[in-house]
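K.L.:
Show me the folded form of this:
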Amino acid sequence: MIRLTDEQVMFEDSLVKAIGRTSPLEKVQALDAAKTFDADLHATLAELGVWGLGVDEQSGGSGGGNTEQIIALRALGNMATSMAVFCVVQFMVTRLLKDNANDEQKKTFLEPLAAGRTKASFCLTEAAGGTDILRAMKTRAVKRDGMYRITGSKMWISGASTSDFYVVLARPSEGKTEGVSMLLVPAAA
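P.N.:
Alright, predicted model coming up:
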């Protein structure tokens with residue numbers, strides 16, 4: 001069993017109270033029924049530094065690590081489940097960027113994402129194969145003249161309509177096992 005520090009207990013308490021104030025159950029249910037994103041809760045979580053958990057301050061994050069992320073996910077999962085799903089994607093994308101992005105990509109994508117100024121989606125699932133990407137992925141990314149042309153389609157993308165950019169998984173070649181690339185795609189592209 002993991003024992004939380006006093007600071008982590010205070011963080012969880014303040015997070016639970018902020019979620020309850022910003023998005024009480026009736027509001028969460030109404031937004032879920034309308035399939036509408038909770039912008040107020042997103043802003044509140046940005047103020048609390050939730051979107052930057054697991055990202056160091058030099059990269060625009062709020063620090064912390066896996067335990068703080070789990071605390072946030074537990075609070076959201078108990079009170080605002082759709083935002084908890086959004087948060088899982090957020091933590092996945094910030095981790096990918098933190099560990100793999102170059103300096104320019106960190107400045108352009110990671111810093112505003114960790115601050116809660118932008119939103120991202122992870123585009124993996126396709127109609128023909130779900131998440132079985134090695135067998136069924138048809139989306140292609142072909143590089144020409146220093147740019148990628150992406151063809152294909154994705155589905156069931158959490159937050160797609162509100163995202164500022166996407167992490168799109170695509171094949172750089174024809175074969176079924178020659179790899180998959182992840183591309184950062186601005187929503188305006």
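K.L.:
Name the residue closest to the centre of this structure, please.
P.N.:
Centroid-nearest residue in the chain, with C-alpha atoms, centre = their mean: Gln90, separated by 2.1 Å.
K.L.:
could you dump the helix or strand that residue falls within to CSV, C-alpha only?
P.N.:
Using DSSP states H and E, Gln90 maps to helix 81-100. Provided in CSV are the C-alpha atoms of helix 81-100 (Å, rounded to 0.1, in the frame of the first residue of the first chain):
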residue,chain,number,x,y,z
THR,A,81,-15.6,10.4,-15.3
SER,A,82,-15.5,11.9,-18.8
MET,A,83,-12.8,14.4,-17.6
ALA,A,84,-10.9,11.5,-16.1
VAL,A,85,-10.8,9.8,-19.5
PHE,A,86,-9.6,13.1,-21.0
CYS,A,87,-7.0,13.3,-18.2
VAL,A,88,-5.6,9.8,-19.1
VAL,A,89,-5.0,11.0,-22.7
GLN,A,90,-3.5,14.2,-21.4
PHE,A,91,-1.0,12.3,-19.2
MET,A,92,-0.2,9.9,-22.1
VAL,A,93,0.5,12.8,-24.5
THR,A,94,2.5,14.9,-22.1
ARG,A,95,4.6,11.8,-21.3
LEU,A,96,5.2,11.1,-25.0
LEU,A,97,6.3,14.7,-25.6
LYS,A,98,8.4,14.9,-22.4
ASP,A,99,10.3,11.8,-23.3
ASN,A,100,10.5,12.1,-27.1
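K.L.:
which outside residues touch it?
P.N.:
Under the contact criterion C-beta atoms under 8 Å, 6 or more residues apart in numbering, helix 81-100 has outside partners 23, 28, 31-32, 37-38, 41-42, 45, 50-56, 59, 61, 69, 72-73, 76-77, 105-106, 109-110, 113-114, 119-122, 158-159, 167, 182. Heads up, the C-betas are built off the backbone N, CA and C, glycines and all.
K.L.:
coming back round to it: report pLDDT for the residue nearest to the centre of the chain.
P.N.:
Gln90 is assigned a predicted lDDT (pLDDT) of 94.
K.L.:
do you know how far it is from Asp132?
P.N.:
The spacing between Gln90 and Asp132, counted by C-beta to C-beta, to the nearest Å, is 25 Å.
K.L.:
Same check on Gly60?
P.N.:
35 Å.
K.L.:
One more: Arg149?
P.N.:
Following C-beta to C-beta, the distance that separates Arg149 from Asp132 is 24 Å.
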